[in-house]
Every structure is written in structure tokens, then in C-alpha cells.
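S.K.: No sequence on hand, only this structure:
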């Protein structure tokens with residue numbers, strides 16, 4: 001397993017390194033840091049601005065990046081055989097995404113700074129951009145790193161559930177965990193009295209579909225994990241997953257909405273869950 005971790009001098013970044021190493025024992029960890037000089041990352045801009053000491057400033061920032069690499073690398077346990085360190089002057093999100101495309105990791109991990117959805121859209125946080133534009137599974141780390149004991153697995157349909165089952169089968173946790181396979185039935189808009197029979201039939205159909213989905217998913221995971229349980233919730237999908245995820249150490253969700261029968265369940269909620277959850281979120285692609 002190869003994991004790329006975006007790092008900087010923030011505590012969320014250090015937590016991301018610790019969290020990855022609590023969750024997995026990969027064969028290779030690649031620490032990636034972009035030395036962000038703003039508009040002065042381009043020498044021609046510095047020359048146009050007649051910036052004195054630009055060369056020394058750039059070298060000092062790169063040396064600081066090297067010090068950061070050394071500090072974060074000691075957080076990686078010695079049983080991980082390969083730790084690579086990549087840093088350069090660049091924009092953080094773009095550099096992280098470009099590096100991921102080159103090294104083809106199984107997972108990208110970044111720490112979240114706790115901004116809300118509106119702030120992330122306006123300020124362009126790195127975690128939001130990686131979530132939006134990454135092409136592999138993404139781990140958004142929130143809060144202090146914690147060993148996983150109870151993991152909520154949110155499934156929305158058969159295709160999405162199979163993708164998550166495959167991920168969990170191919171990428172084993174470092175220690176045994178309890179998996180809680182969860183789906184959410186979102187109620188339809190209120191019906192007029194004449195439509196009550198249709199509403200009742202819809203509810204029964206959606207419930208049967210949800211029961212079959214979580215049972216099938218749990219059965220597929222049972223051979224690989226010590227404990228697997230199921231639950232069906234009713235309400236706003238992202239809100240319910242985030243709320244029930246408070247009692248867990250990690251949330252796992254799929255990355256895309258579905259059509260057809262799957263529309264009865266979650267829809268596309270991974271971004272909303274990531275914004276609302278106080279726990280780390282793994283988005284499986």
C-alpha cells in the first residue's frame with residue numbers, strides 16, 4: 001500500500017501523519033510539502049517587484065521545508081519500510097495533486113483545519129481541493145489521531161457498497177476494528193392524503209432495499225473483520241451519518257451519488273459528511 005500525505009507546519013498535518021500510521025501499515029509513505037511563496041514563487045515576479053534578498057529568502061524557505069520533512073518523518077513508525085520526502089516551491093493543493101498523479105498512491109491523506117463549507121469554498125483550503133479533484137481514495141483527518149476501534153461504513157447503493165468492500169478487503173487496518181455498516185433512508189416530501197398508499201408502498205420498498213443492502217455488505221465483510229454490525233437510519237443522510245459518526249473513530253463513505261433504485265438511499269453525500277463530521281472521513285473512490 002502506498003500513501004501520500006500532505007504536510008505543513010500545522011498540527012492538523014502532524015495529526016494526519018499519526019492517523020495514517022494508526023490506521024494502516026503501508027509499504028510506502030510519501031510525505032509531500034509545498035513551500036508556498038505566494039506570488040513570489042515565480043522569480044520573474046520577484047524581479048519585477050525588485051525584491052531584495054529573494055534568493056536567500058527562497059533558500060531559507062526550502063531549508064525550512066527540509067526541516068519539516070525531517071520532523072514529520074520521525075512520526076512514521078520504523079516498521080514502515082519506505083518513507084519518501086518530496087518538497088518544492090509550489091502551490092500546496094496543486095503540488096499534492098500533481099505528485100499523486102505521478103506516484104499513483106492508494107490513498108491521499110491531509111489534515112483539515114476545521115473550516116466550514118462556505119469558508120472552504122471561498123478560501124480554497126487544501127483539504128477541500130484534494131477532496132474535489134483527487135482521483136484516488138482520500139482521508140480527511142480531523143482532530144487528534146486516534147487508534148481505530150469502531151468504524152462507521154456509510155453505504156448508499158450496491159455499486160458504492162462493493163467499492164467500499166473491495167477497499168476494505170485490499171487495505172487491511174493495522175489492528176482489528178468493529179465495522180458498523182450503515183445506510184440512511186431519506187424520507188420523501190410530505191404526501192397529500194390521496195397519496196398515502198403510494199407513500200406507504202414507497203417506504204416499505206425502500207426499507208426492504210436498505211435491509212438487503214446492509215446485510216449483503218456486512219456478509220461480504222464478515223470474513224475479514226472480527227466484528228460487523230448493521231444499522232438503518234432515517235432522515236437527512238449527511239446529517240445522520242455525521243451525527244452517528246460521533247460515537248466512532250472513523251467514517252467511510254463512497255464518493256459519488258447513484259441513480260435508479262439507489263436514489264432511495266443516500267445520494268451523493270461524501271462532501272457534506274466531510275464538512276459536518278467531527279471525526280476523520282475516508283472517501284473511497
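M.R.: Yep, that arrived. Since the model is a prediction, treat every value here as computed from it, not as a measurement.

S.K.: any chance you could map the helices in the stretch 51-200 of the chain?
M.R.: With DSSP state H, counting those that start in this stretch as the criterion, the stretch 51-200 of the chain has helices at 54-73, 92-103, 117-123, 126-133, 158-170, 196-222.

S.K.: What is the distance between the fifth one and the centre of its chain?
M.R.: Yep, that's helix 158-170 we're talking about. The chain centre lies 15 Å from the centre of helix 158-170; the measure is Cα atoms, centre = their mean, to the nearest Å.

S.K.: can you pull the buried residues of it?
M.R.: For helix 158-170, burial by neighbour count (16 or more other Cβ atoms under 10 Å) applies to 158, 160, 161, 163, 164, 165, 167, 168. (C-beta placed from N, C-alpha, C; glycine too.)

S.K.: can you check stretch 129-144 too?
M.R.: Buried residues in stretch 129-144, counting neighbours by 16+ other Cβ under 10 Å, are found at 129, 130, 131, 134, 136, 137, 138, 139, 140, 141, 142.

S.K.: what's in contact with it?
M.R.: 6, 12, 15-16, 19-20, 23, 93, 96-97, 100-101, 104-112, 114, 127, 167, 270-271, 274, 277-285 (Cβ atoms under 8 Å, 6 or more residues apart in numbering).

S.K.: Tell me the buried residues within the residues you listed.
M.R.: Applying 16+ other Cβ under 10 Å to the contacts of stretch 129-144 flags 6, 12, 15-16, 19-20, 23, 93, 96-97, 100, 105-112, 127, 167, 270-271, 274, 277, 279-284 as buried.

S.K.: So which of these belong to strands?
M.R.: Per DSSP state E, strands hold the following members of those: 6, 107, 108, 109, 110, 111, 280, 281, 282, 283, 284.

S.K.: As TSV, those residues with pLDDT and distance to residue 69 would be great.
M.R.: Below are these laid out as TSV (pLDDT from 0 to 100; distance: Cβ to Cβ, whole Å):
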residue	pLDDT	distance to residue 69
6	96	12
107	97	19
108	97	17
109	97	16
110	95	16
111	93	16
280	95	23
281	95	26
282	96	25
283	94	26
284	95	28
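
S.K.: Break this protein into its domains for me.
M.R.: By the assignment in automatic domain parsing, the chain contains the domains 2-141, 150-284.

S.K.: any idea of the pLDDT on the nearest residue to residue 271 once chain neighbours are set aside?
M.R.: Spatial nearest neighbour of residue 271, excluding adjacent residues (Cβ to Cβ, 6 or more residues apart in numbering): residue 131 at 6.5 Å. Looking at residue 131, its pLDDT is 85.

S.K.: Stretch 251-270: end-to-end distance?
M.R.: End-to-end distance of stretch 251-270 (Cα to Cα, to the nearest Å): 10 Å.

S.K.: Then stretch 276-285?
M.R.: Start-to-end span of stretch 276-285 (Cα to Cα) is 20 Å.

S.K.: With stretch 130-139 instead?
M.R.: 10 Å.

S.K.: Rebuild the buried residues of helix 158-170 as CSV, extending it with distance to residue 37 and pLDDT.
M.R.: Listed next are these as CSV, based on distance: Cβ to Cβ, whole Å; pLDDT from 0 to 100:
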residue, distance to residue 37, pLDDT
158, 48, 91
160, 41, 89
161, 45, 94
163, 39, 94
164, 40, 95
165, 44, 95
167, 37, 94
168, 41, 94
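
S.K.: Make JSON lines out of those and add distance to residue 150.
M.R.: Below are the buried residues of helix 158-170 laid out as JSON lines (distance: Cβ to Cβ, whole Å):
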{"residue": "158", "distance to residue 150": "24"}
{"residue": "160", "distance to residue 150": "21"}
{"residue": "161", "distance to residue 150": "19"}
{"residue": "163", "distance to residue 150": "21"}
{"residue": "164", "distance to residue 150": "16"}
{"residue": "165", "distance to residue 150": "18"}
{"residue": "167", "distance to residue 150": "18"}
{"residue": "168", "distance to residue 150": "14"}
